[in-house]
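> Whatever this is, show me its structure:
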Amino acid sequence: MDDVFLFSETPPPADEDCVLIEVPCDCETREQLFDAFRSTLGLPEYFGGNWDAFSDSLRDLSWVPERTIVLLHRGRPLRDDNQFRIYLLVLKNCVQDWKEGEEHRLIAVFPATLRDVVRLLMG
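Reported below is the predicted structural model:
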């Protein structure tokens, strides 16, 4: 997981071509998490409110003018292990989908205290 997610208490250095999205850790349900992303990342109107649509949105990002999008987690969203696992898998696939030199780059940062939980849930 270390090559997909960053585990740090602070985000990587940002420049003018970077937007930092702080993912609230008090989102207990998938719907609350999606609402948070709607307000912070400005998910498009066509966002369908399910995991597939969330994945599609994170693989598009055409509405975001900055090239680098950093998703900063200061804690764990989604208390349900299964939902958190799905979220992690979606993030992993979306982070890996963006290749060097493409229009956008997605970075997911989790606190070091979540490293073992993320590894366990990702199997």
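
> Could you list every helix and strand that the helix or strand where Ile86 lies packs against?
Using DSSP states H and E, Ile86 sits within helix 81-97. With contacts defined as 3 or more CB pairs under 8 Å, 6 or more residues apart in numbering; DSSP states H and E, the secondary structure elements packing on helix 81-97 are helix 30-40, helix 51-58, strand 105-110, helix 115-122. Glycine gets a C-beta too; all of them are placed from N, C-alpha and C.

> quick one: that helix to chain centroid distance?
The offset between the C-alpha centroid of helix 81-97 and the centroid of the whole chain comes to 8 Å, using CA atoms, centre = their mean, to the nearest Å.

> And the contacts of that helix?
Taking CB atoms under 8 Å, 6 or more residues apart in numbering as the criterion, the residues outside helix 81-97 that touch it are 1, 4-5, 29-30, 33, 51, 54-55, 58-59, 71, 76-78, 106-108, 118, 121-122.

> let's see 6 Å
Val4, Arg30, Trp51, Ser55, Leu58, Arg59, Leu78, Leu106, Ala108, Leu121, Met122 (CB atoms under 6 Å, 6 or more residues apart in numbering).

> Could you list the low-pLDDT ranges of the chain?
Using pLDDT under 70 as the threshold, the predicted model of the chain has low-confidence ranges 1-2.

> Kindly recompute the last result at 90.
When residues are selected by pLDDT under 90, those of the chain lie in 1-3, 10-16, 45-46, 100-101, 123.

> What about Gly42, how many residues nearby?
As a burial measure, Gly42 scores 14 neighbours (other CB atoms under 10 Å).

> Nice, that's everything, thank you.
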